[in-house]
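this one's structure only:
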């Protein structure tokens, strides 16, 4: 006690050995894989879900309704980012990561157990939207909390590598989702998939809770968080980093191309390839899985490279690629080439997404001061994802329906590349600076 004031106990954590840093990274990554598996498996089953929960004589209308419910989950992400992010900044990253595990497990298993429209009528889509909202709240807190945790746990000079590995784990969840749905679709007949087997991938998400809790229960707080909690209040001010509103705006613009490219090229692409390019569901899912393997493997490499050459060159290269390449490459896809050509085009796009995903987590984390990093980063990121990413499959489907042109989703990709490119152009390079 000093000057009559009780000392505040320091949070558990502080300095970490390299072995402890690797354990921290592994626990966060495994949690990411399980969390995002549950969140994105919905997109791969959107057509079936449209039939089961939004029956309509118009197949496009049912698919639009299904993708709208997919997007609703993203509307809850900003709220999850604010609430869970604030908890992470005040009580610690560990507490936030445990809460997200519980929320995602509840929402995913809930979808797998829901009765359909045929059984309970309008209550079926209402309950489906409720489950997506619960998932969205959890996902809103997961990305910012896990990213801050991973980057803050990284040794100096390896933030890009650690952040890239963390982002690769999210891509791995997309891969896991795609493979699981492809296997289930291969085992069961189309009638069985429409009848009941669509529930299997969701119910497999039930393993999330025990595995996630086991991996995350013994985490230590990051050195950066402990240092920020022990620092005088004046030292926690953002100084030259900018006002919270400016930082939120930067994070928002930064995320546009990231989220649009991710959800168009990864979540929506199997649907696009089956409806517009004539592939079977199995071909589209396995092709998507091959491209995802490239994304998972390449993302840590680009994170490592960003520690050496800086974040901006890789980020701007991705923005330029999505401003220039979508129209000509989608034109090739729609000209009915071989499956190998389509997969090669997907790999090209995924390499540019990997470049952004490798440099992005560390670049975005370096934008914020530690004492408000999780809240501000989660909020800015989640708002952009909610507006531009969550409804990307819906917007792509609507563009095709309203214009009558299968090439129209490329306009959305081009727009995203231009917007984020202009924002990132004004960033300063932070790769070689100490984390604030």
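Ah, there it is. Everything numeric in this text was worked out from a predicted model, so none of it was measured. Residues are numbered from 1 along each chain as shown.

do you know how far residue 307 is from residue 157?
Separation of residue 307 from residue 157 (CB to CB, to the nearest Å) stands at 6 Å. All C-beta spots, glycine's among them, are computed from the backbone N, C-alpha and C.

the more surrounded of these two?
residue 307 (23 against 11; other CB atoms under 10 Å).

Run the chain-centre distance for whichever strand or helix holds residue 246.
Taking DSSP states H and E as the definition, one finds residue 246 inside helix 244-262. Its chain's C-alpha centre and that of helix 244-262 lie 13 Å apart, by CA atoms, centre = their mean, to the nearest Å.

Report all helices and strands that it contacts.
Counting contacts by 3 or more CB pairs under 8 Å, 6 or more residues apart in numbering; DSSP states H and E, the secondary-structure elements packed against helix 244-262 are helix 312-324, helix 339-365, helix 373-384, helix 409-425.

so for that helix, what's the average pLDDT?
Taken as a whole, helix 244-262 has a mean pLDDT of 92.

Buried ones in it, by neighbour count?
Neighbour counts using 16 or more other CB atoms under 10 Å place 244, 247-248, 250-262 of helix 244-262 among the buried residues.

Among those, which one lies nearest to residue 138?
residue 259 (17.4 Å; CB to CB).

Report how many residues lie close to the nearest residue in space to that closest one that is not next to it in sequence.
Using CB to CB, 6 or more residues apart in numbering and skipping residues adjacent in sequence, the residue nearest residue 259 is residue 389, 3.1 Å away. Residue 389 is surrounded by 26 other residues when neighbours are defined as other CB under 10 Å.

contacting residues around residue 389?
Each residue near residue 389 by CB atoms under 8 Å, 6 or more residues apart in numbering is listed here: 74, 255, 259, 260, 262, 263.

Show the contacting residues for the fourth one.
I take that to be residue 260. 322, 388, 389, 392, 412, 413, 415, 416.

Out of the contacts of residue 389, which comes closest to residue 111?
When these are compared for distance to residue 111, the smallest value, 15.3 Å, is given by residue 74; criterion: CB to CB.

and the closest one, which of the three is it?
On the three-state scheme (DSSP: H, G, I helix; E, B strand; the rest coil), residue 74 is labelled helix.

how about low-confidence regions in the chain?
Within the chain, the stretches falling below the threshold (pLDDT under 70) are 1-15, 35, 38-39, 57-58, 208, 231-242.

pull the longest helix from it.
Identified as the longest helix of the chain according to DSSP state H is helix 123-153.

Output the contacting helices and strands for the helix or strand just after it.
Using DSSP H and E, the helix or strand that follows helix 123-153 in sequence is helix 159-187. Contacting helix 159-187 under the criterion 3+ CB pairs under 8 Å, 6+ apart are the following elements: helix 18-44, helix 123-153, helix 199-204, helix 281-309, helix 339-365.

now those helices as TSV including distance to residue 230?
TSV is the format used below for the helices and strands packed on helix 159-187 (distance: least, CB to CB, whole Å):
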stretch	distance to residue 230
helix 18-44	19
helix 123-153	14
helix 199-204	43
helix 281-309	27
helix 339-365	20
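
and the spatially closest residue to residue 425 that is not a sequence neighbour, what does it touch?
With sequence-adjacent residues excluded and distances taken as CB to CB, 6+ apart, residue 425 is closest to residue 316, at 6.9 Å. Contact analysis of residue 316 by CB under 8 Å, 6+ apart lists 421, 424, 425.

And those, which is closest to residue 164?
Within those, distances to residue 164 taken as CB to CB reach their minimum at residue 424, with 17.1 Å.

surely that closest one meets residue 314?
No. With contacts defined as CB atoms under 8 Å, residue 424 does not count as touching residue 314, sitting 10.1 Å away.

Tell me, how many residues neighbour residue 118?
What residue 118 shows, counting by other CB under 10 Å, is a neighbour count of 11.

separation between it and residue 185?
As it turns out, when the distance is counted by CB to CB, residue 118 lies 21 Å from residue 185.

again, but for residue 357
Summarising the geometry, the distance separating residue 357 from residue 185, computed by CB to CB, is 27 Å.

More neighbours: which of these two?
residue 357 (29 against 23).

sorry, back to before: quick one: which of the helices and strands packed on helix 159-187 is nearest residue 371?
Ranking the helices and strands packed on helix 159-187 by distance to residue 371, with CB to CB as the measure, places helix 123-153 first at 11.2 Å.

In which helix or strand does residue 64 reside?
In this structure, residue 64 is located in helix 59-75 according to DSSP H and E.

Check which residues of that helix are buried.
When burial is assessed from 16+ other CB under 10 Å, helix 59-75 yields the following buried residues: 62-75.

Which one of the residues you listed is nearest to residue 44?
Distances from residue 44 to the buried residues of helix 59-75, taken as CB to CB, are shortest for residue 70 (10.5 Å).

who's in contact with that closest one?
Taking CB under 8 Å, 6+ apart as the contact definition, residue 70 lies against 42, 43, 46, 132, 390, 393, 394.

Please report how far the fifth one lies from residue 172.
Computed as CB to CB, the residue 390 to residue 172 distance reads 21 Å.

Between those two, point out the one with more neighbours.
Here residue 390 and residue 172 are compared on neighbour count by other CB under 10 Å; more neighbours surround residue 390, at 28 against 22.

now that one, nearest residue through space, not along the chain?
Nearest-residue entry for residue 390: residue 74, 2.4 Å, with adjacent residues in sequence omitted and distances by CB to CB, 6+ apart.

thinking the one you found is in contact with residue 384, fair?
No. Counting by CB under 8 Å, residue 74 sits too far from residue 384 to count as a contact (10.0 Å).

residues contacting the nearest residue to residue 203 once chain neighbours are set aside?
Here the nearest residue to residue 203 in space, its sequence neighbours aside, is residue 112; by CB to CB, 6+ apart that works out to 4.1 Å. For residue 112, the contacting residues are 199, 200, 201, 202, 203, 205, 206, by CB under 8 Å, 6+ apart.

and those residues, which are buried?
Among these, those classed as buried by neighbour count (16+ other CB under 10 Å) are 199, 200, 201, 202, 205.

The last one against residue 108, yeah?
Yes. In this structure, residue 205 sits in contact with residue 108. The criterion is CB under 8 Å, and the distance is 3.8 Å.

Give the buried residues for stretch 304-321.
Taking 16+ other CB under 10 Å as the basis for neighbour counts, the residues of stretch 304-321 that come out buried are 304-307, 310-312, 314-319, 321.

Would you reformat the residues you listed as JSON lines and include distance to residue 98?
Formatted as JSON lines, the buried residues of stretch 304-321 follow (distance: CB to CB, whole Å):
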{"residue": "304", "distance to residue 98": "29"}
{"residue": "305", "distance to residue 98": "33"}
{"residue": "306", "distance to residue 98": "30"}
{"residue": "307", "distance to residue 98": "30"}
{"residue": "310", "distance to residue 98": "35"}
{"residue": "311", "distance to residue 98": "30"}
{"residue": "312", "distance to residue 98": "35"}
{"residue": "314", "distance to residue 98": "33"}
{"residue": "315", "distance to residue 98": "32"}
{"residue": "316", "distance to residue 98": "37"}
{"residue": "317", "distance to residue 98": "37"}
{"residue": "318", "distance to residue 98": "33"}
{"residue": "319", "distance to residue 98": "35"}
{"residue": "321", "distance to residue 98": "38"}
